[in-house]
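**Student:** Here's my sequence, what's the structure:
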Amino acid sequence: MKNIYILFIFYVMSSCAQQKAPINSSTEKKFKNKLLIGATLNYHELNTKKEKLFLKDFKYLTPANAAKQSAIHPKPNVWHWNKINDFIDFADKNKLVVRLHGPISPQASKWVKTDERTPEELETILVEFASAFAMRFNNEPSVKWMDVVNETILANGDWFGPKEGVDKWENPWLKIGLDDNGYPLYILKAFEIATKNAPNLKLVYNQNAGMEDKIWDKLKETVLYLRSKGYRVDGIGWQAHLLLGAKRKDFVDNTEVTMQKLSNLIDWAHANKLGFHVTELDYLVKDISILDAERQVQKRVYQSIVDVLLKKSKNGEITLNLWDLGDRYKKGMGQFQSIYDSEFNPTPAYDVIKTAIEKQN
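**Tutor:** Numbering: from 1, shown residues only. From the prediction side, this is the model:
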């Protein structure tokens, strides 16, 4: 009951606070009532067969890692913008729209994650990077969205925080602290900076999860709280790494119920004037000996997801981003599948994506 009350208060406050919409609305008009589908490319995949396969079908690009702090700001006083600049040039040349995946997130540089880093130092680093990032890309015509924060909430609903050392999956920014209402200061600061310095871009709150209620309820509260503070949030993102974690296995084992949860989440986003972005769709296969059978399951689940997204695209902004085009092996996990095999032959899931794209034309 308490959470419902908090959500109601934040909804009222956010409705009263007039959020400044992005200046550039051409993307909204172009893709209104359509499902925009795209994919990631890594920097080393530019000028390769993967680039050709991308351009054959897609007009929506997410540079995989080139916009992250670990790539742009790898050391103190060292800035490397060349890779992401090349991606922007690539997008301009091929008339692509771009979502920048460079959030304040666990994908921080190792020098940022050192255990002795103080909250004051972390805030200074955050302000420096987030400000430089927003101001640099605000006026790039091809860039339409930017992830502001990413991977903020654990499966049990707790805030994701730091760990010892610099080699683990961790979120150092939580050390900056919480405000009086228990919300991370780094999230507030990141959206404050993006709201101020990126008025032309749509701002996305990205999250890794299945359809866990604890995660999404907390994200909803946080989005409404950010708006009550006068900060702009234009969309929420869902990392759909299927079968990576127990709850994302529900998409395979309990498809109908899980699709309804996805549908309800999208409805909430649209009711609150938020876009919904599937930011990282792939499918984990742990046992390669049954790869052919798993690819048929992947096709079935992709079809169910795409059906939901196509239906919901009539009500508000929806995008779908494939994480990679081919398969990729991750030690200790297995092989992540997309829509091409290791020889760049289309897999069964390709038909789902291709058909969905054709329906939008």
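**Student:** Please look at Phe129 and Ser70 and confirm they touch.
**Tutor:** No - using C-beta atoms under 8 Å, Phe129 is not in contact with Ser70; the gap is 10.6 Å. No exception for glycine: its C-beta is placed from N, CA and C like everyone else's.
**Student:** who's more crowded, these two?
**Tutor:** For the pair Phe129 and Ser70, the greater number of neighbours falls to Phe129 (21 against 17), based on other C-beta atoms under 10 Å.
**Student:** where's that one relative to Met135, distance?
**Tutor:** Phe129 sits 11 Å away from Met135, going by C-beta to C-beta, to the nearest Å.
**Student:** Tell me how far stretch 331-345 lies from the chain's centre.
**Tutor:** Relative to its parent chain, stretch 331-345 has a centroid offset of 21 Å by C-alpha atoms, centre = their mean, to the nearest Å.
**Student:** And for it, what's in contact with it?
**Tutor:** 39, 49-50, 53, 241, 244, 281-288, 291, 294-295, 298, 322-330, 346-347, 349-350, 353 (C-beta atoms under 8 Å, 6 or more residues apart in numbering).
**Student:** and if we set it to 7 Å?
**Tutor:** 49, 53, 282-286, 288, 295, 298, 322-330, 346-347, 349-350, 353 (C-beta atoms under 7 Å, 6 or more residues apart in numbering).
**Student:** can you pull out the helices in the stretch 251-361 of the chain?
**Tutor:** With DSSP state H, counting those that start in this stretch as the criterion, the stretch 251-361 of the chain has helices at 255-271, 291-312, 348-360.
**Student:** okay if I get those helices as TSV plus mean neighbour count, distance to Ala91 and mean pLDDT?
**Tutor:** What follows is the helices of the stretch 251-361 of the chain, written out as TSV (neighbours: other C-beta atoms under 10 Å; distance: least, C-beta to C-beta, whole Å; pLDDT from 0 to 100):
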stretch	mean neighbour count	distance to Ala91	mean pLDDT
helix 255-271	16	26	98
helix 291-312	18	23	98
helix 348-360	17	18	96
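**Student:** what's the closest of the ones you listed to Ala66?
**Tutor:** helix 348-360 (23.2 Å; C-beta to C-beta).
**Student:** got the angle for the closest one vs helix 291-312?
**Tutor:** Angle, helix 348-360 to helix 291-312, by axes from the mean of the first three to the mean of the last three C-alpha atoms, to 10 degrees: 20 degrees.
**Student:** Does helix 348-360 pack against any helices or strands, and if so which?
**Tutor:** strand 35-41, helix 291-312 (3 or more C-beta pairs under 7 Å, 6 or more residues apart in numbering; DSSP states H and E).
**Student:** Now with 6 Å, please.
**Tutor:** Applying 3 or more C-beta pairs under 6 Å, 6 or more residues apart in numbering; DSSP states H and E, one finds that helix 348-360 makes contact with helix 291-312.
**Student:** packing partners for the helix it packs on?
**Tutor:** Contacts defined by 3+ C-beta pairs under 6 Å, 6+ apart place helix 291-312 against helix 250-253, helix 255-271, strand 275-285, strand 318-322, helix 348-360.
**Student:** in the chain, which segments are predicted with low confidence?
**Tutor:** 1-29, 246-247 (pLDDT under 70).
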